[in-house]
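K.L.:
Turn this into a model:
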Amino acid sequence: MGLNTISDHILDILQNSMDSGASEVELEIAERSGEEFYFMIADNGRGIEAEKLKIVLDPFYTEKKKQKVFGLGLPFLKQAAENTGGSFSIESYPGAGTTVETTLVLSHIDCQPIGNLAEVLVSALTMKDNVRVLVERVNGESGYSLDSVELQELMGEDFRSNPVKMKKLYGFLEEAERALRRN
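P.N.:
Purely as a prediction, here's the structure:
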């Protein structure tokens, strides 16, 4: 996966959360148009031990059991945030989960484009049926929130696999993002 946009970074961290055995993942995105872009992803997965937490920002470290796969997501995200004058933090406790917080300065010349948030949110909400995903999205004074459990109640149990329902969800999120950009 190329990490060319902020959305790509969000999706990468969300995938890590899902792969960590989390049953619940929270995603908070707060934006001040043209100024700052903040996101926080918190999960209740298996967490990372203190000694490993020190090395997860090494681009050649990975927990994945595939040959020649490197965990570049966190190191690249940290670098992307710091290159803009923003910030990055990770906090994790074994058995309790992990929280990643990032702020990027949108006006900085080195800031990556935001990318397609609607696409990332559909992926997050439909990625795994046994993981509850809570989304809080704010731009200035406007925003919206989503809960995958409530979406399942509203759209039916197959909303994660039914192409028509996934397309409707994507359309809703595209319009919600357009509305946030207009405000």
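K.L.:
Only C-alpha atoms from now on, for both contacts and neighbour counts.
P.N.:
OK.
K.L.:
Check which element follows the helix or strand bottoming out on mean pLDDT in the chain along the chain.
P.N.:
Every helix and strand of the chain was ranked by mean pLDDT, DSSP states H and E. The lowest is helix 50-53, at a mean of 82. The helix or strand immediately downstream of helix 50-53 is helix 73-83, counting by DSSP states H and E.
K.L.:
hang on, the earlier thing: got the contact list for the least confident helix or strand of the chain?
P.N.:
If you take CA atoms under 8 Å, 6 or more residues apart in numbering as the criterion, helix 50-53 is touched by S92, Y93.
K.L.:
got the CA coordinates for it in CSV?
P.N.:
Output in CSV follows, covering the C-alpha atoms of helix 50-53 (Å, rounded to 0.1, in the frame of the first residue of the first chain):
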residue,chain,number,x,y,z
ALA,A,50,6.8,-1.3,26.5
GLU,A,51,10.1,-2.6,25.0
LYS,A,52,8.5,-3.2,21.6
LEU,A,53,6.8,0.2,21.7
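K.L.:
Check which residues of it are buried.
P.N.:
Of all the residues in helix 50-53, not one is buried under the rule 16 or more other CA atoms under 10 Å.
K.L.:
any idea of the mean pLDDT in stretch 131-144?
P.N.:
Averaging pLDDT along stretch 131-144 yields 95.
K.L.:
What are the buried residues along it?
P.N.:
For stretch 131-144, by 16+ other CA under 10 Å, it's V131, R132, V133, L134, V135, E136, R137, V138, N139, G143.
K.L.:
For the fifth one, give its distance to N44.
P.N.:
Plainly put, V135 is 15 Å away from N44 if you go by CA to CA, to the nearest Å.
K.L.:
three-state assignment of the closest residue to L77 other than its chain neighbours?
P.N.:
Nearest residue to L77 in three dimensions, chain neighbours excluded: H9, at 6.4 Å (CA to CA, 6 or more residues apart in numbering). Under DSSP: H, G, I helix; E, B strand; the rest coil, the three-state class of H9 is helix.
K.L.:
L3 is in contact with H9, correct?
P.N.:
Yes: applying CA atoms under 8 Å, one finds H9 in contact with L3, separated by 5.9 Å.
K.L.:
quick one: which of those two has more around it?
P.N.:
The neighbour comparison of H9 against L3 (other CA atoms under 10 Å) goes to H9, with 22 against 17.
K.L.:
sorry, back to before: what pLDDT does the residue nearest to L77 get?
P.N.:
So, for H9, pLDDT stands at 95.
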